[in-house]
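A.B. asks: Predicted structure and sequence below. I'll ask about it afterward.
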Amino acid sequence: MSADDHHDHHDPPFWQKYILSTDHKMIGLQYGITALLFLLFGFFLMMMMRWSIAYPDEPVPGWMNWVFSDTWKGRWLTDGKVTGETYNMFGAMHGTIMVFLGVVPLGFGAFGNYVTPLQIGAPDMAFPKLNCASYWLYAIGGLMMCGSFFLESGSAKSGWTNYPPLSAFADSQHPNQFFTGQTQWLLGLVFLISSSLLGSVNFITTIINLRAKGMTWMRLPFFVWAMLVTGFLLLLAFPPLEVAGIMQVVDRTFGSSFFQPSGLVSAEGIEEIAGGGSPLLFQHLFWFLGHPEVYVLLLPSIACVAEIIPANTRKPLWGYKSMVYAVIVLGFLSFIVWAHHMYLTGMGSSVSTFFQTTTVLISIPSVVLITSLLISLWGGSIRFTMPMIWACAFLPMFGIGGLTGLPLAFNLVDLHLHDTYYVIGHFHYVVAPGILFGLFAGIYYWYPKMYGRYMNRTLGHLHFWPSLVFINLVFFPMLIQGMAGFHRRWYNGGDSYMVPEGSENVFGNTVREFINLNELMSISVFMLALAQIPFIINLFTAWKIGKKVESDNPWNATTLEWATPTPPGHGNFTFDVAAYRGPYEYSRPDCEEDYYPQWHEPKENTSADLDAGVQEKKEH
Amino acid sequence: MEIPYIVNARKDTGLNNSKIAIWLFLASEVMLFGGLFSSYIFLRIFADYPWPERVLPVLPGLINTFILIASSVTVVYAWAGLKLRKWNVFAINMTITLVCAAVFMVFKGMEYNAKFHHQAVQYNDWSVVDGHTHYEKDGHGGNFYAVNADTVTFKLASYYDPYLEEILKRIEDAKAEIKIADNYISTQVNDAEDQFKEKLIATKGEEVDGDRLKEILAEAKDYFIEARTHNQEVRTEALRLAWKQFRANKDNKYTEFADKSHHEPEVKEAVNALHAELVAANATGDLMNTGDSIAISLDGALIKVDPDWGRMNGKKEGGESLVKLKDSTTIAGIAADSGMELDVDAIDFQHMVMKLKEKVAEGVEDASAIEAAIAKSPILNIQGKEGDRIRNLWKLHEKWVDLFTQELVEDYGLDEDGNPNRVPTERDIYRLTWKHMVAYKRIQDNNLEFTLAEVKNQLPSMIEGFVGADHKIFNPKDDSGKVIPEDSHFPSITIPREQIRFESVFSPKMNNYYAIYFTITGLHGLHVIGGALVLAYYLFFGRKMYNENPEWLANRVEVGGLFWHFVDLVWIFAFPIFYLM
């Protein structure tokens, strides 16, 4: 069953097999492990932040801040407390790490790399060496960003959006601009963008050209469609951000003022720059990426769920075609909604109206996707396997995330909610219990293919239930605080707005009313951290001691990745693989078993499943 | 394992892998340069300063355009050579392509170089002069903040070695003595013994040389960071202890706070007070001394620093001044002469006029204010011979503007209201360029009649000003053909630092026109270099593949050629928007 039974070539040396591997599966695992480590670090930064929010006047406890050296703490913590500046660093890096270094590489880099070529019946990606380069550019970019924590300037500290002129002022007092957190962040970003450029070119080419015989477009699993659209989003949306990044680097290192308006004054006095630039330009360039990026985060996750649900309901994906068209429309629309992040900038009401309209439009394909998945459950014989439980949780959690976004789409309501904890609550519902749950589902689902063993079910439940409870306790109160007007970037959770009891300060009293939710959320975060421990244990032990799979197709699924040996060897397939039918042929009345895999040759040649490609092959 | 469709096309898509990939890559590149060109439009539309139009020398750009187009043709011939299996056709055409790329970059480099050595200075009244600065010689020239320094203070955590080196070099040049301004004492933690161990790292009044100063700073820096770390640990522990005692209601002092949230202001006050007490009582350990800086006295040594290194506060000339460098080093003293010596090759009132016209439109200023402001402008009020030369040139320019205005009326007539159909542009009127300076001068030197046609005749040719203002051609000769020395340069002036609002070489710092120009052309240049390297690889290392699988090499060259065409296309867009519009 192992790869070596089928392949007689000698084992490549260690560095070639694990470090500079060109095998899409190894690269997928590299992406996955690196991304999980970054997620862990991003989570840790957030714990420091949540401590500062809940207990702004108490030193960060030792069990949390041991990661940093004493010298570092001497420089960046005051009396052991997180300062505003340090909080800003954590905040900026938490966002950056989670989005660019964690979720996207996990969804697109790890699952995309591992699963896509298998599902289309390809021996590897179209450009294995580019794939390797893509991973290493990502790793270098990520390390550059995180390494800047230990520079004299500290790391980037202007939010993951890096808005100028604030980001232009940040670290500008350092003589050597190259070695500042802000510049390293921008350069790291250029590396990440180059990485995703190589990745997306590779994915799209692979999907277009390396499909197996008979794998026509409408026989592609939804997962592959989602990867194709994600690839196009990355390909076309990232370059404008690269432009913005390069222009900021030029601003920082050559003293230009692309994003600094005339007459800018700082604490030092009037800025000695030419001026005449536009902060709004940066926001446009940033969100031109920023919004499609949301779908880059989402699609791989929804793609995992779309694979897991049919396999665990033993029933075809409901509305496969409409989902495919929806995801394509979603891709197009995601390019013209970006300025709904900018209602508050004064860009003009007609512009706002346009973007409000497109934003409402994009909810249609999103709802098509989520509704199809929901209806797919109807009438199925649901097997509550570990991946299925996560996938089931994904649906309502992502639903909350999506629905809480609607008020933000309307610019009138957004004026009140902009930059409050409501926004934080909204997009974290999308990303954390939504997208991450979908990706966890994916890990539990494909783990048996990767290592030939199941992940442990008990540990899985220990991971799932506390995660589900605590993650809601973290994010739901945010919606409440946000509607009360709590600002998203308060490093002390509103502590400085507190007024003594009986004060007539209206906002102060609002803060009094809701500030204690901070503790609930922060304690939930620490509990959530504990809930991840079973997962980490599971992830690293199931590899050796997990229950062995009974066959190469342990879930009795239909897509091509289950036709490979377990784990798949170099080159993936041990026979001349072809697709004879659609991807979700479950419970066909004319079949004995409740699944009819894509690769099973039909018994009679007259079957309607055959397409021209396969017939041609037979004639030879 | 073999990846399919590397060389041959897949039947149903009709494409091989790399063909798909390069088109995807180019789509991404279109978005990259699309973003840049959109930024150009955005910056230009929303510019609140006169956007420099047609300021670049056209000839090198134009030549470069043709060079790139030619190379795009030869790269196709090179590919065709491979398809025909004629290696020599490929090799010759690819070589031409690479030579074109090299020539393109050489011209680009010449243009960049000219700009990096060309200076602009904006006066406080927003008028601008362009020119070349004098290099630093005999204590004059260059571009510096100059201070006769009394005290230089180094911040231990952040002082930057290259700045320190430069300051020491200046001190050495001034042959000044360095004296430590104040004691710097390190203390050690009180552990076994009952007393502090103290050490004098720097002694007040100690005379030191540069090397010794560096040693002192390095030692003090190490100590400072150690002390900062130690003190933070002590204070952190004390704060932990404070919260512990507060929560435990130590000595029943805090009973009244029992039910109160830790967010309550009075709770914070109480804990902070307790924390201060604990620290003062050394409850969690002793504190170390943390002076964060070391100062030296210099007795008025002349120190000059690059203006980009920091800011000059206080008087910029002749009075108390404080230069604060980016690494937080401060130089205090009496500001010395730091005027900029400049050979003026353009005078520009456009920005000033733009600002005044806004005020005129608002009704704050009268229309006559513009003329008055120009007459008052410092550049036209410089004393002495060089000032006379500038005034003379500007007077001639006004004359030229009058003649030009008349000619436009003659050529294009008046509209129904009696206003001319065409008038000179703001740039024609308010900017005196180096070419016009040369033309006016030539007319005067040769006693020619001052007419529009003659000015046009005497303008330096495109070749003469190949990459910009050229000092070598401003060389009026006497009857015997000898260059008149005192006239053989553009008017030479000194601009006092106090009058300067903003100065920059023609780099991205200058304004956003130059910033986007350098960004787009620079990025384009990197694409040229990258593309040329790939094509060179095919040329120099392609022979083996040619022998084994010529079609594969042809595919590669085709893909490289597609990229090369894209690079060409970017230039076709960049050339008009920067050089012509």
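C.D. replies: Done, it's in.
A.B. asks: how about the residues of the stretch 251-400 of chain B that lie near chain A?
C.D. replies: Contact residues, the stretch 251-400 of chain B versus chain A (C-beta under 8 Å from any C-beta of the partner chain): B:261-266, B:268, B:271-272, B:275, B:307-309, B:311, B:313, B:324-328. In this view, the C-beta of every residue, glycine as well, is placed from N, C-alpha and C.
A.B. asks: In this structure B:L393 contacts B:W434, no?
C.D. replies: No: B:L393 lies out of contact with B:W434 (C-beta atoms under 8 Å); the separation is 10.4 Å.
A.B. asks: which other helices and strands contact the lengthiest helix in chain A?
C.D. replies: Secondary structure assigned by DSSP state H gives helix A:279-313 as the longest helix of chain A. Packing partners of helix A:279-313 (3 or more C-beta pairs under 8 Å, 6 or more residues apart in numbering or on different chains; DSSP states H and E): helix A:104, helix A:222-254, helix A:320-333, helix A:349-377, helix A:386-409, helix A:437-451, helix B:17-45.
A.B. asks: For A:S587, which of those is the nearest?
C.D. replies: helix A:349-377 (12.4 Å; C-beta to C-beta).
A.B. asks: Not counting its own residues, what contacts stretch B:244-258?
C.D. replies: With contact meaning C-beta atoms under 8 Å, 6 or more residues apart in numbering or on different chains, stretch B:244-258 is reached by B:E264, B:E266, B:V267, B:A270, B:V271, B:L274.
A.B. asks: give me that answer again for 7 Å
C.D. replies: Residues from elsewhere that reach stretch B:244-258 (C-beta atoms under 7 Å, 6 or more residues apart in numbering or on different chains): B:V267, B:A270, B:V271, B:L274.
A.B. asks: and what of stretch A:280-291?
C.D. replies: By C-beta under 7 Å, 6+ apart, stretch A:280-291 touches A:161, A:163-164, A:237-238, A:240-241, A:243-244, A:259, A:334, A:337-339, A:341-342, A:345, A:347, B:35, B:39, B:42-43.
A.B. asks: got it, and stretch A:517-528?
C.D. replies: Contacts for stretch A:517-528 (C-beta under 7 Å, 6+ apart): A:46-47, A:50-51, A:53-54, A:466-467, A:470-471, A:473-474, A:477-478, A:480-481, A:493.
A.B. asks: Can you tell me the number of residues neighbouring residue 567?
C.D. replies: No chain specified, so I'll use chain A. Using other C-beta atoms under 10 Å in any protein chain shown, A:P567 is surrounded by 17 other residues.
A.B. asks: Hmm, no, I was thinking of chain B.
C.D. replies: 24.
A.B. asks: Quick check: it is in a helix.
C.D. replies: Yes: checked against DSSP: H, G, I helix; E, B strand; the rest coil, B:V567 lies within a helix.
A.B. asks: how about it, what does it touch?
C.D. replies: By C-beta under 7 Å, 6+ apart, B:V567 lies in contact with B:H524, B:H527, B:V528, B:G531.
A.B. asks: Quick one, grab the pLDDT at the closest residue to it other than its chain neighbours.
C.D. replies: Nearest non-adjacent residue to B:V567, counting by C-beta to C-beta, 6 or more residues apart in numbering or on different chains: B:H527, 4.8 Å away. Predicted confidence (pLDDT) for B:H527: 98.
A.B. asks: Now A:W378. Its backbone dihedrals?
C.D. replies: A:W378 adopts backbone torsions of phi -60, psi 120, taken as degrees, to the nearest 10.
A.B. asks: Mind pulling up the pLDDT for it?
C.D. replies: 95.
A.B. asks: Ramachandran angles for the closest residue to it other than its chain neighbours?
C.D. replies: Excluding the flanking residues, the one nearest A:W378 by C-beta to C-beta, 6+ apart is A:W318, at 7.3 Å. Comment: the main-chain dihedrals of A:W318 come out as phi -80, psi 130, following degrees, to the nearest 10.
A.B. asks: Helices along the stretch 101-250 of chain A, start to end?
C.D. replies: A:104, A:113-120, A:128-147, A:166-169, A:181-209, A:222-254 (DSSP state H, counting those that start in this stretch).
A.B. asks: Could you do the stretch 251-400 of chain B as well?
C.D. replies: B:265-280, B:350-362, B:369-376, B:384-412.
A.B. asks: repeat for the stretch 451-581 of chain B
C.D. replies: B:452-458, B:512-541, B:543-548, B:550-575.
A.B. asks: Then the stretch 51-200 of chain B?
C.D. replies: Using DSSP H, counting those that start in this stretch, helices in the stretch 51-200 of chain B cover B:58-83, B:87-116, B:161-173.
A.B. asks: so can I have CSV of those helices showing distance to B:R442, mean neighbour count and mean pLDDT?
C.D. replies: CSV is the format used below for those (distance: least, C-beta to C-beta, whole Å; neighbours: other C-beta atoms under 10 Å in any protein chain shown; pLDDT from 0 to 100):
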stretch, distance to B:R442, mean neighbour count, mean pLDDT
helix B:58-83, 20, 19, 97
helix B:87-116, 22, 18, 97
helix B:161-173, 43, 17, 95
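A.B. asks: nearest to B:D209, of those?
C.D. replies: helix B:161-173 (8.7 Å).
A.B. asks: Around chain A, pick out the residues from the stretch 51-200 of chain B.
C.D. replies: When proximity is defined by C-beta under 7 Å from any C-beta of the partner chain, the stretch 51-200 of chain B lies next to chain A at B:S158, B:Y160, B:Y163.
A.B. asks: and which of these is nearest chain A?
C.D. replies: Nearest to chain A, judged by C-beta to the nearest C-beta, of those is B:Y160 at 4.2 Å.
A.B. asks: Is it correct that that closest one is in contact with B:D327?
C.D. replies: Yes: with contact defined as C-beta atoms under 7 Å, B:Y160 reaches B:D327; the gap is 3.8 Å.
A.B. asks: mind checking pLDDT for B:D286?
C.D. replies: pLDDT for B:D286: 89.
A.B. asks: can you count the residues close to the nearest residue to B:P162 once chain neighbours are set aside?
C.D. replies: Spatially, and ignoring its direct neighbours in sequence, B:P162 is nearest to A:P175 (7.3 Å; C-beta to C-beta, 6+ apart). A total of 20 residues lie near A:P175 under the criterion other C-beta under 10 Å.
A.B. asks: any idea how far A:P175 is from A:F150?
C.D. replies: To A:F150, A:P175 is 18 Å away according to C-beta to C-beta, to the nearest Å.
A.B. asks: before we move on, the earlier item: in ChimeraX, select just the buried ones from the residues of the stretch 251-400 of chain B next to chain A.
C.D. replies: Buried residues among these (16 or more other C-beta atoms under 10 Å in any protein chain shown), as a ChimeraX selection:
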select /B:262,263,264,265,268,271,275,307,309,311,324,325,326,327,328
